[in-house]
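Visitor: What would the 3D arrangement of this be:
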Amino acid sequence: MSFYWRWLPVLLMLPVLAEAGGVASPVVDARVMEVGVVRHQDTLWRYARFSSESDYPCLRFEAVHPDQGWRVLERLDVCDITLQDDATLDFRDTAYTGFSVIEFSREHSAFTFEVEYIRRTAAGEQSVFCMLPVSHNENFGHLVCR
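Guide: You can find the predicted model right below:
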């Protein structure tokens, strides 16, 4: 008996067992390339990085409260940023947008990340550093990019 046939019944039962335990299986968008989570105070802060080559080249940040049935209390999708010259850069309107060094700073209670992009109308890659503060109320602050 091959490995596949031996484990197939177990693999098929996993979603049923998860549902029976009262916790639904998480649904992850096929465009998601990376997921990270950190616990800070009483909240789980999660991010998802969508593929830069998809129709949705964005970052998603979520506040999840474990004591409230693991509900997502707040969600923020970052699909554009305001640059220093007050121009808005929409990630869906660039030749390339990439995200790197996505981290959570406990010292600043904030997510930090870098955005690299190439405009469709200008040559050369640009890079900006962004900070998204979080509060103990499970709220996101104002996104700042430089």
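Visitor: what about the residue nearest the centre of the chain, distance to residue 85?
Guide: The chain has residue 48 as the residue nearest its centroid, 2.1 Å off, counting by Cα atoms, centre = their mean. Per Cβ to Cβ, to the nearest Å, residue 48 is found 29 Å from residue 85. For every residue, glycine as well, the C-beta is placed using N, CA and C.
Visitor: re earlier: now do the residue lying closest to the residue nearest to the centre of the chain once chain neighbours are set aside against residue 81, distance only.
Guide: With sequence-adjacent residues excluded and distances taken as Cβ to Cβ, 6 or more residues apart in numbering, residue 48 is closest to residue 60, at 4.4 Å. According to Cβ to Cβ, residue 60 and residue 81 sit 14 Å apart.
Visitor: now residue 32
Guide: In this structure, residue 32 lies at 20 Å from residue 81, with Cβ to Cβ as the measure.
Visitor: out of the two, which sits in the more crowded spot?
Guide: Between residue 32 and residue 81, counted using other Cβ atoms under 10 Å, the more crowded position is residue 81 (19 against 14).
Visitor: Quick check: closest non-adjacent residue to the more buried one.
Guide: The spatial neighbour of residue 81 that comes closest, neighbours along the chain excluded (Cβ to Cβ, 6+ apart), is residue 145 at 4.6 Å.
Visitor: Could you give the bridge partners of that neighbour?
Guide: The partner list for residue 145 in beta bridges (DSSP bridges) reads residue 130.
Visitor: if I pick it, what's in contact with it?
Guide: Taking Cβ atoms under 8 Å, 6 or more residues apart in numbering as the contact definition, residue 145 lies against 81-83, 115, 128-131.
Visitor: go again using 7 Å as the cut-off
Guide: For residue 145, the contacting residues are 81-83, 115, 128-130, by Cβ atoms under 7 Å, 6 or more residues apart in numbering.
Visitor: Filter those down to just the ones in strands.
Guide: With DSSP state E as the criterion, strands contain 81-82, 115, 128-130 from among those.
Visitor: Which one of the residues you listed sits in the busiest neighbourhood?
Guide: Neighbour-wise, those (other Cβ under 10 Å) top out at residue 115, 21 neighbours.
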